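1. fold the following and give me the result.
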Amino acid sequence: MVLQPANVPLALYIHVPWCVKKCPYCDFNSHTLNGQADFAAYADALLQDLDSQLPWVQGRVVSSIFIGGGTPSLMPIAAYARLFDGIAKRLRLSDDCEITLEANPATVEHAPFAEYLNLGINRLSLGVQSFASDKLQALGRIHSRVQAIAAVKAAQDAGFSRLNIDLMHGLPQQTLADALADLQQAFDLRVPHISWYQLTIEPNTVFYRTPPTLPDDDALDEIGEQGAALLQAHGLMQYEVSAWAQTSDQQCHHNLNYWQFGDYLAIGAGAHAKITTPDGIFRFSKTRLPKDYLTPHGTQGKVGWQRIDEDALAFEFMLNALRLKNGVPRDLWQARTGLAFDTIAPTLARLIAQGLMADDRARIRCTDTGFLFLNRVLGEFLPETA
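-> Predicted coordinates:
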């Protein structure tokens, strides 16, 4: 295996773990904000965390930053100014570095959107989930339909040309008409990027312990098919399993780096990272609880530091790359893994014969059928067990 870390794109993920209220479907590392967190101390902890990761990335340029949560819009603008000033002193950012902030429509009062823009944040992702009041209530969201629409308009008025909204479908008691109405509202607001994904019930959530009544499989299939047709009819292109954009410029660069098996540093409670070194490709995460993270050991320690075994790289790579509708360039396999194409050629040939992978000399990608049965395709790349 020959790896050249300097040639692997690099991003930075920042996790802000607090929420006003934990949603019943959420299995992310988020914690209810009881009282007021010391956000200045958290910003300093994030920079200490970053300091511990700098030796791996000397000289490499960061092409994107994504601030996720939790609810990052809970953190005041002063804390972000403190954080970004420190990041600029530690990392080289590309001239066109994409910086995304996730925001809840009900928690954007800490700074007008224009202040985020002035700070360098150039892309917003609003966690709308639905525009229907009864569905928002069922999902435990703290914002209303009115607040969701107002937040989108306020971001646009402030000058954000790159704007995503998250919308879920397959919600409790949701009909086809309900799901399509959510999409239509997004079209009416002229949102250039929509993350449209199905609600799934995850372990360790309230919905897992007390499952809501969800649409049956036939209804879910119909929502998926008609929703996709409606998105296409309004000029949005599906470039990833759950991501739709008006143009290629509107695609999320940070997420594309994930799917193209790029590297990413990760700072913040519970944040996950992937980094390429001459000795191999490694993953690690940070301690999950904010109170533990806000200690020297929490910011500098690594949880689950693990080298990705060579026989697991095919699955790891394809798990990401095949989420993209158009796949990835064929030569990206060797560039990102250091392994020869011959190591995956037999599996690809078998899937091509089955009509699940495209017979494409330039790209590694699924056929339309393979994209619909992605889990089956990915299963073919799992390492053999003894």
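2. which residues does the helix or strand of the chain with the lowest mean pLDDT contact?
-> In the chain, no helix or strand scores lower on mean pLDDT, DSSP states H and E than helix 296-300, which sits at a mean of 83. When contacts are defined by Cβ atoms under 8 Å, 6 or more residues apart in numbering, helix 296-300 is touched by residues Ala45, Leu46, Gln48, Asp49, Ser52, Ala269, Lys286, Thr287, Asp292, Tyr293. Every C-beta, even on glycine, is put in place using the N, C-alpha and C of the backbone.
3. could I get those residues in a markdown table, plus columns for pLDDT?
-> Output for the contacts of helix 296-300, formatted as a markdown table (pLDDT from 0 to 100):
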| residue | pLDDT |
| --- | --- |
| Ala45 | 96 |
| Leu46 | 97 |
| Gln48 | 96 |
| Asp49 | 96 |
| Ser52 | 94 |
| Ala269 | 96 |
| Lys286 | 95 |
| Thr287 | 95 |
| Asp292 | 93 |
| Tyr293 | 94 |
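4. filter those residues down to the buried ones, ChimeraX style.
-> Listed next is the ChimeraX selection for buried residues among the contacts of helix 296-300, using 16 or more other Cβ atoms under 10 Å:
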select :45,46,48,49,52,269,286,287,293
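5. closest to Leu119 out of the contacts of helix 296-300?
-> Leu46 (15.1 Å; Cβ to Cβ).
6. hang on, the earlier thing: buried residues, the least confident helix or strand of the chain. List them.
-> Applying 16+ other Cβ under 10 Å to helix 296-300 flags Gly298, Thr299 as buried.
7. note down every partner strand of the helix or strand following it and its orientation.
-> Note on helix 296-300: by DSSP states H and E, the next helix or strand toward the C-terminus is strand 303-307. Note on strand 303-307: by DSSP bridges, its sheet partners are strand 280-285 (antiparallel).
8. local confidence estimate at the residue nearest the centre of the chain?
-> With distances taken as Cα atoms, centre = their mean, Asn255 lies nearest the centre of the chain, 5.6 Å away. Confidence at Asn255, expressed as pLDDT, is 98.
9. contact partners of the helix or strand it falls within?
-> Assessed by DSSP H and E, Asn255 sits inside helix 253-259. With contact meaning Cβ under 8 Å, 6+ apart, helix 253-259 is reached by 9, 11, 13, 63-66, 98, 100, 240, 243, 263-264, 320-321, 323-324, 328.
10. list the buried residues of the lengthiest strand in the chain.
-> The longest strand of the chain (DSSP state E) is strand 92-103. For strand 92-103, the neighbour count (16+ other Cβ under 10 Å) marks Leu93, Cys97, Glu98, Ile99, Thr100, Leu101, Glu102, Ala103 as buried.
11. low-confidence ranges, the stretch 101-250 of the chain, go.
-> Counting by pLDDT under 70, the stretch 101-250 of the chain contains low-confidence residues at 108-111.
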